[in-house]
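Engineer: Got a predicted model here, sequence first, then my questions.
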Amino acid sequence: MKALVITPFLFAVILLSPATALANAPIAEVIQVSSVVNERETLLNPGKFLNIPTPSHETALILSGQRSTGMFTTFNYRTRLTYDSAKAGQRFDAKLQEASVNTFIQERWVVNVGKTQLSWDMATSFQPLGFFQANENLYDLTDMQSRSTGLPLMAASYLHPSWSATLVYSDDRWSAYDGFNRGVEQWGGRFQYHTRLGELSFIVQKPAGQNTGAGFSYIFSPADFVVTYTSAFYRQGTRRPQNLLLVSEQPQLVDYFPFSHHEKESVTPYWRGVLGASFVFSHLDLTLELSHDKRGLDRLMWDRLSNLIQFHNELLKTEMRPEVRAMIGRNLFFASQSLSVHGAQENYLFAYLKKDTDYANMSLYGRMAIQDKSALVGLNVQRTFVRRLTVSVNAQKFIGGQQDEFGLTPVGSSYQLTFRYLLN
Amino acid sequence: MAKFVMFYCLLFAQVVIADTSAQAEVALSKAQQIIAYIDKGRAADSPFEVRLDVTRTSEQKSFSYRLVDDGKSRSILYFLDKDQRGQKVLATEDETWFFSNRTRRAIKIPAAQTLFGDASIGDIARIRFAADYTPISLAQDGEHYILSLNSTHPAATYQRVIMTVRRADSLPLQAEFFAASGRHMKTARFTRVSVEQDIPVFHEWELFTPGNEQSVTIVRSSHFQEISIPAVAFTKSYLELMAK
């Protein structure tokens, strides 16, 4: 919260500073996203009862800019004004995505204050150390749609040519809690050391009401055409909500929201990590990542979730009372909350293939749950016309058996057409 | 008599070997001088900046960059075009980092990563031959010198460079880049080079892959100026935190 009090003062200092301030012209862009979803009947969506609205259209105006005072102070901002046809009741939305001041207070001390992102993990599909950065978005890896948002934070860093140390405090309690980075008060520290052999970082992080955790990352380039990287984090306990219905082997029908945070301060060890490599071949780039997250459902827990969903579907076939059918529907919704865009299970393999041609940039990506071999695959084709207009076509397909993670999702495939037009 | 002949043969051989090795030493020293002279025109000894416009002839598409160099071995490439504004690349002796403007992620990328057309980031941001290569031979071919250079980094994309230089003024005409496997990967043709105050100034050069000469990537350099910039600006931490 302190960051929010100090930030307006620093903004004023920058904005009112005299002629030494260099302002880049603000960038205004319009982003239009049209989506078509192919809803399918799955065990989580019997009879396609979700009735997902399609097609949907979203139009956003993004305003961003930067103001600098010499080499040593910058002020950045980005706002997003949105109209979303699919969100009945709240079609208009305005969000300040970033607004921060970054300044040197001494020769080697840098302070960052405001709503911003500090990226501590370079992995693409899963970031074990991404405490102060936007969560990964597999459908838009370059953030063409400008959805990434900063966290309110204060950071102080000491920069040395071969190492740096950063201490961060962030208070985001006023945001909706998402089980991950949002809605959390936390502090973190990072020590980064650069050598000819690579970059090594050590991290400590403590969210309010949880144990302190520790992690590391190592990035190494063994040849000019390849970069390898790994990062991992360990903590006792997790704030990821736990589905209480998976504790018991016996599937149940309940009339309460069965998630709890009882693992938040437990002594159960949870670790997560990613191992990746990026290769550059002639006219083709390939990224491969293998990730593990102990907070996800292991094979036993996943089988229990599958059985629970199966049990509710069996009940639905025989139960005719409307109030009980409604309760079954709610229970299927509860079960669906175990699925997550970050992955519901523990182990995933991610592949990203990119090829730039004279006509368009193309990428093919896939994320596979190693436990059940179900997968999400996507194709993106992007082309820029006369600099101002970029058009992107994105298609995703969810592949898997009836009780597999990507086979359960109520969306079989989806398509997005994105226009990005720079107004100035 | 036979011993006498043998003695003189050995003596003659030693003189020839010594003379050849002295000649080779002179040639290598000359080659080193030539690449140091060429480097002087591509980079200053103190911090400087230069504007680079990269055009691909096959699609008449171009991108502009501002290259800021510390005068030693580190450089930052700022993307100037509207649709790429805010993105930048930090290239040091050992690593290359890409900074995304939106996600604020610093991603370590292979130096061989394509920037645009046939120009890789290494081609644009690593600009010193003398620092990255050692001459292994210098041969005369009519009015030209043919320099053969080997990379000092075992993992470099281009393990060998064969450079054609004009004997009269030591200005380069062409450089051919080879992978460790011996595959000819790329050719650079220096199309507009002038000499200003005894320093070769590179205004334009072309890059193309062998067998695809009709699709040429042209790099034009302009607005060179020496600047004052702190050393800490050429670190990943600074670029991550200052978002400039």
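Structural biologist: Structure's in. What do you need?
Engineer: helix, strand or coil for residue B:39?
Structural biologist: At residue B:39 the chain is in helix, as set by DSSP: H, G, I helix; E, B strand; the rest coil.
Engineer: Give the burial count for it, as a bare number.
Structural biologist: 18 (other CB atoms under 10 Å in any protein chain shown). (Each C-beta comes from the backbone N, C-alpha and C, glycine too.)
Engineer: ok, now which ones touch it?
Structural biologist: For residue B:39, the contact set (CB atoms under 8 Å, 6 or more residues apart in numbering or on different chains) comprises B:127-131.
Engineer: Residue A:138 touches residue A:380, doesn't it?
Structural biologist: No: between residue A:138 and residue A:380 there is no contact under CB atoms under 8 Å: 10.4 Å.
Engineer: tell me which residues of stretch B:37-56 are tucked away?
Structural biologist: With burial defined by 16 or more other CB atoms under 10 Å in any protein chain shown, the residues of stretch B:37-56 counted as buried are B:37-44, B:47-52, B:54-56.
Engineer: Serialize the contacts of residue B:39 to JSON lines and add fields for pLDDT, distance to chain A and secondary structure.
Structural biologist: Formatted as JSON lines, the contacts of residue B:39 follow (pLDDT from 0 to 100; distance: CB to the nearest CB, whole Å; DSSP: H, G, I helix; E, B strand; the rest coil):
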{"residue": "B:127", "pLDDT": "65", "distance to chain A": "16", "secondary structure": "coil"}
{"residue": "B:128", "pLDDT": "74", "distance to chain A": "16", "secondary structure": "coil"}
{"residue": "B:129", "pLDDT": "82", "distance to chain A": "16", "secondary structure": "helix"}
{"residue": "B:130", "pLDDT": "82", "distance to chain A": "18", "secondary structure": "helix"}
{"residue": "B:131", "pLDDT": "78", "distance to chain A": "14", "secondary structure": "helix"}
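Engineer: Pull the most distant pair out of the residues you listed.
Structural biologist: Using CB to CB, these reach their maximum pairwise distance at B:127 and B:130, which is 10.5 Å.
Engineer: Tell me where chain A is predicted with low confidence.
Structural biologist: Residues of chain A meeting the criterion pLDDT under 70: A:1-24, A:179.
Engineer: residue nearest the centroid of it?
Structural biologist: Geometric centre of chain A, nearest residue: residue A:135, 1.9 Å, by CA atoms, centre = their mean.
Engineer: Work out for me the element the residue lying closest to that one once chain neighbours are set aside sits within.
Structural biologist: Distances taken as CB to CB, 6 or more residues apart in numbering or on different chains put residue A:180 closest to residue A:135, at 5.9 Å, once the chain neighbours are dropped. Per DSSP states H and E: residue A:180 is located in neither a helix nor a strand.
Engineer: Residue A:180 and residue B:43, how far apart?
Structural biologist: 45 Å (CB to CB, to the nearest Å).
Engineer: Kindly report the same for residue A:338.
Structural biologist: Residue A:338 is 57 Å from residue B:43, by CB to CB.
Engineer: what's the answer for residue A:177, then?
Structural biologist: 52 Å.
Engineer: Show me where the stretch 201-350 of chain A has its helices.
Structural biologist: Assigned by DSSP state H, counting those that start in this stretch, the helices in the stretch 201-350 of chain A fall at A:299-318, A:322-336.
Engineer: how about those, which one is nearest chain B?
Structural biologist: helix A:322-336 (27.9 Å; CB to the nearest CB).
Engineer: Of all the residues in that closest one, which ones are buried?
Structural biologist: A:327-328, A:330-332, A:334-336.
Engineer: same thing with stretch B:123-138?
Structural biologist: B:123-133, B:135, B:138.
Engineer: Measure how far it is from the centre of its chain, please.
Structural biologist: 5 Å (CA atoms, centre = their mean, to the nearest Å).
Engineer: hey, C-alpha coordinates of that stretch in PDB?
Structural biologist: Taking C-alpha atoms only, stretch B:123-138 is exported to PDB below (Å, rounded to 0.1, in the frame of the first residue of the first chain):
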ATOM      1  CA  ASP B 123      25.600  -9.900 -37.400                       C
ATOM      2  CA  ILE B 124      24.300  -6.500 -36.300                       C
ATOM      3  CA  ALA B 125      25.300  -6.200 -32.600                       C
ATOM      4  CA  ARG B 126      28.700  -8.000 -32.500                       C
ATOM      5  CA  ILE B 127      30.800  -5.800 -34.600                       C
ATOM      6  CA  ARG B 128      34.400  -6.500 -33.900                       C
ATOM      7  CA  PHE B 129      36.400  -9.000 -36.000                       C
ATOM      8  CA  ALA B 130      39.600  -8.600 -34.000                       C
ATOM      9  CA  ALA B 131      38.000  -9.500 -30.700                       C
ATOM     10  CA  ASP B 132      36.100 -12.600 -31.900                       C
ATOM     11  CA  TYR B 133      38.600 -14.000 -34.600                       C
ATOM     12  CA  THR B 134      42.300 -14.800 -35.000                       C
ATOM     13  CA  PRO B 135      43.900 -14.600 -38.400                       C
ATOM     14  CA  ILE B 136      45.300 -18.000 -39.500                       C
ATOM     15  CA  SER B 137      46.500 -17.000 -43.000                       C
ATOM     16  CA  LEU B 138      46.800 -14.200 -45.400                       C
END
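Engineer: Okay, and which of the buried residues of stretch B:37-56 map to helices?
Structural biologist: B:37-42 (DSSP state H).
Engineer: can I get those in a markdown table with pLDDT and distance to residue A:266?
Structural biologist: Shown next, in a markdown table, are those (pLDDT from 0 to 100; distance: CB to CB, whole Å):
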| residue | pLDDT | distance to residue A:266 |
| --- | --- | --- |
| B:37 | 87 | 68 |
| B:38 | 86 | 64 |
| B:39 | 84 | 60 |
| B:40 | 80 | 64 |
| B:41 | 72 | 65 |
| B:42 | 71 | 60 |
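Engineer: What is the nearest of those to residue B:89?
Structural biologist: residue B:42 (17.4 Å).
Engineer: and residue A:138, that's in a helix?
Structural biologist: No: per three-state DSSP, residue A:138 lies outside any helix segment and is coil.
Engineer: Enumerate every residue touching it.
Structural biologist: Per CB under 8 Å, 6+ apart, neighbours of residue A:138: A:125, A:341, A:365, A:367, A:376, A:378.
Engineer: Farthest pair within these?
Structural biologist: Pairwise over the contacts of residue A:138, using CB to CB, the maximum falls at A:341 and A:365, 14.1 Å.
Engineer: okay, these two: which has more neighbours?
Structural biologist: Legend: neighbour count by other CB under 10 Å for residue A:341 and residue A:365, higher for residue A:365 (21 against 13).
Engineer: Do I have it right that the more buried one meets residue A:349?
Structural biologist: No: in this structure, residue A:365 is not within contact of residue A:349 by CB under 8 Å, at 11.5 Å.
Engineer: For residue A:402, give me its contacts.
Structural biologist: A:42-43, A:408.
Engineer: Out of those residues, which comes closest to residue B:25?
Structural biologist: residue A:408 (72.9 Å).
Engineer: Residue A:80 contacts residue A:64, doesn't it?
Structural biologist: No: using CB under 8 Å, residue A:80 is not in contact with residue A:64, being 9.3 Å away.
Engineer: got any residues that touch both of residue A:138 and residue A:380?
Structural biologist: The contact lists of residue A:138 and residue A:380 share residue A:365, where a contact means CB under 8 Å, 6+ apart.
Engineer: quick one: the strands in the stretch 101-250 of chain A?
Structural biologist: A:109-116, A:151-159, A:163-171, A:185-195, A:198-207, A:213-223, A:226-236, A:242-243 (DSSP state E, counting those that start in this stretch).
Engineer: do the stretch 251-400 of chain A as well
Structural biologist: According to DSSP E, counting those that start in this stretch, the strands that the stretch 251-400 of chain A contains are A:259-260, A:269-281, A:284-293, A:347-356, A:361-369, A:375-385, A:389-399.
Engineer: Quick one: closest of these to residue B:230.
Structural biologist: strand A:269-281 (30.4 Å).
Engineer: What lies in contact with the closest one?
Structural biologist: Counting by CB under 8 Å, 6+ apart, A:121, A:123-128, A:225-238, A:285-295, B:109-110, B:112-114 sit against strand A:269-281.
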